[in-house]
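>>> Got a predicted model here, sequence first, then my questions.
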Amino acid sequence: LKPIQPLSIFEPLPISRAPPCGSMWRILTIIFLGRQAAASSIVRQEVNYRADQHEYVSQAVKCQPSDMSTCCPGRDLPNAAPGTVPEDVIPGLDEYWKLQLPCKTISTTPAGISTCDGEYQELFNQGRSPGIHEVHMNKLHDFILMPKNYSIGQKTVCSAAMYPAAVSNGGQMMVVLHVPVAGTTTPGSKNTRIELRQMENAQALAGFSLKDGFMRTLSTTMTIQHLPLNWKSTSVVQIFNGGYSADKDADQPRYSNGGPFIEVMTQKCKYSWQKLPSGRRCPVGEIGIGVWKDGKFGGKGGFLFENYTLGTKFDLQIQSPGDGTIVFKYRSFKGGIQGDWIEKTIDCENPGQGVRDCLHDKKNTDSGYPRANGLYWKIGNYIQKGPKEQPSDYALVYVHHAEITQPLS
């Protein structure tokens with residue numbers, strides 16, 4: 001990236017490790033308020049999409065953002081903030097991110113309000129998925145996705161939504177991320193999502209190494225309002241392993257292999273090795289919030305922060321100092337009272353007995369630790385265990401604030 005003149009949101013990082021001469025550090029703040037069907041049952045009369053398009057758009061118009069009960073009756077979604085678009089509260093959103101949605105296509109009104117096309121009756125994942133819609137950075141500054149209401153059998157369904165709203169207590173801005181279980185996924189995933197994926201620029205994928213000597217930090221404040229019934233599981237932050245690129249310095253480096261690495265998520269506790277910071281076992285069936293690492297949640301390399309109560313706001317900070325460690329800091333506001341910071345560290349140089357190596361990849365050592373150089377951040381609402389949930393269920397997350405600090409070179 002070419003150096004640019006500092007603006008008011010740019011400032012040096014308060015860290016002990018100084019950047020190399022000639023480089024800059026930029027703070028990207030994202031106060032985060034993210035046609036043919038493969039099967040005939042994806043949507044009603046999908047083959048008549050062109051004729052039905054006006055119906056979908058008209059439904060979006062009837063949905064009044066200032067009164068979300070007109071969009072999804074009974075879903076208790078917060079009302080949208082009038083006259084506000086994501087760029088108003090997400091500086092830098094349209095510079096280093098793209099958005100992934102749980103539907104193949106969208107329609108947009110002349111007023112700029114988008115809606116997922118179709119009425120998905122079930123979860124279409126992996127090879128059955130017709131694909132997802134992505135919104136690239138040049139269109140993210142004012143992107144708003146409103147939900148629409150339809151039925152699956154006797155149950156009411158609300159389609160995906162991403163829009164700015166205001167918290168009632170204090171009026172702090174946030175983004176609402178509503179993700180239904182029913183919908184489409186990326187080719188390798190089993191689950192639906194609304195998620196921001198870090199990009200280097202409009203064309204190039206972002207990628208960094210755990211051993212490059214640079215400090216990178218993601219900080220966020222979130223509230224998880226609702227989770228699917230059976231597993232109570234969604235992922236809100238990821239460090240994803242994009243793999244390895246031999247042409248890292250190219251304008252558009254090509255990464256290969258890799259896969260899921262770190263996810264901060266919720267899930268019902270099940271195993272005796274899922275321990276809380278006190279050392280006590282997380283009770284079976286209660287919701288734990290913590291880290292999933294290389295296939296294990298809440299232990300065996302991952303860990304728990306606490307038992308999570310829906311509707312609790314929390315702060316989360318993740319640091320990758322570039323020395324092979326990853327530092328996690330978490331605190332919640334149960335009952336509106338600020339708790340103490342809980343700090344955990346993953347040391348990829350010394351993962352511990354019985355713990356998988358970081359960036360675990362049996363098939364390709366290039367995409368394992370420490371060689372992998374294609375890691376990147378993701379943030380949003382990414383349902384887990386979707387095939388074990390009812391298609392009419394959903395996850396609802398509020399993101400009040402997030403920021404990334406990273407070096408410019």
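Okay, I see it. Residues are numbered from 1 along each chain as shown.
>>> what ranges do the helices span in this structure?
Ranges of helices in the chain, per DSSP state H, are 49-62, 86-89.
>>> Of these, which shows the lowest average pLDDT?
Between these, the one with the least mean pLDDT is helix 49-62; it has a mean of 39.
>>> What residues are bridge-paired with V135?
When assigned by DSSP bridges, V135 has beta-bridge partners L99.
>>> Repeat that for V397.
With DSSP bridges as the rule, V397 is bridged to L177, I224.
>>> right, and it touches Q225 too?
Yes - in this structure, V397 is within contact of Q225 by C-beta atoms under 8 Å, at 6.9 Å. Quick note: C-beta positions are derived from backbone N, CA and C, even for glycine.
>>> neighbour count winner among these two?
With neighbours defined as other C-beta atoms under 10 Å, V397 and Q225 compare such that V397 has more, 26 against 19.
>>> in this structure, what secondary structure element scores lowest on mean pLDDT?
helix 49-62 (a mean of 39; mean pLDDT, DSSP states H and E).
>>> Below-threshold pLDDT in the stretch 1-150 of the chain: ranges please.
Low-confidence regions of the stretch 1-150 of the chain, defined by pLDDT under 70, span residues 1-62, 90.
>>> ok, now with 80
For the stretch 1-150 of the chain, the stretches flagged by pLDDT under 80 are 1-63, 85-92.
>>> can you give me the strands for it?
24-29, 97-100, 106-108, 113-116, 123-124, 134-135, 144-145, 149-152 (DSSP state E, counting those that start in this stretch).
>>> Which of the ones you listed sits closest to N350?
strand 24-29 (28.5 Å; C-beta to C-beta).
>>> Turn the strands of the stretch 1-150 of the chain into TSV, including distance to T220 and mean neighbour count.
Below are the strands of the stretch 1-150 of the chain laid out as TSV (distance: least, C-beta to C-beta, whole Å; neighbours: other C-beta atoms under 10 Å):
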stretch	distance to T220	mean neighbour count
strand 24-29	11	18
strand 97-100	14	22
strand 106-108	26	18
strand 113-116	24	24
strand 123-124	27	24
strand 134-135	20	16
strand 144-145	20	24
strand 149-152	30	16
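>>> Any chance of those strands in a markdown table with distance to T217 as columns?
As requested, these are arranged in a markdown table below (distance: least, C-beta to C-beta, whole Å):
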| stretch | distance to T217 |
| --- | --- |
| strand 24-29 | 9 |
| strand 97-100 | 16 |
| strand 106-108 | 32 |
| strand 113-116 | 31 |
| strand 123-124 | 34 |
| strand 134-135 | 25 |
| strand 144-145 | 28 |
| strand 149-152 | 40 |
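>>> list the contacts for E306?
Going by C-beta atoms under 8 Å, 6 or more residues apart in numbering, E306 touches 276-277, 288-290, 330, 332, 342.
>>> And for A372?
Contacts of A372 (C-beta under 8 Å, 6+ apart): 209-210, 241-244, 258, 359, 366.
>>> ok, back up a step: buried subset of the contacts of E306, written for PyMOL?
Filtering the contacts of E306 down to the buried ones (16 or more other C-beta atoms under 10 Å) takes a single PyMOL command:
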select buried, resi 276+288+289+290+330+332+342
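>>> Considering the contacts of E306, which is situated nearest to C71?
Among those, I289 lies closest to C71 (C-beta to C-beta), at 28.6 Å.
>>> The closest one contacts M265, correct?
Yes - counting by C-beta under 8 Å, I289 does reach M265; the two are 7.4 Å apart.
>>> Where do the strands of the stretch 201-350 of the chain begin and end?
216-226, 234-241, 259-268, 287-293, 296-297, 303-307, 313-320, 325-332, 342-347.
>>> State the mean pLDDT of the first one.
Per-residue confidence for strand 216-226 averages out to 95 on the pLDDT scale.
>>> circling back: any chance of a markdown table for the strands of the stretch 201-350 of the chain, columns distance to E403?
Below are these laid out as a markdown table (distance: least, C-beta to C-beta, whole Å):
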| stretch | distance to E403 |
| --- | --- |
| strand 216-226 | 5 |
| strand 234-241 | 12 |
| strand 259-268 | 16 |
| strand 287-293 | 20 |
| strand 296-297 | 26 |
| strand 303-307 | 20 |
| strand 313-320 | 10 |
| strand 325-332 | 14 |
| strand 342-347 | 19 |
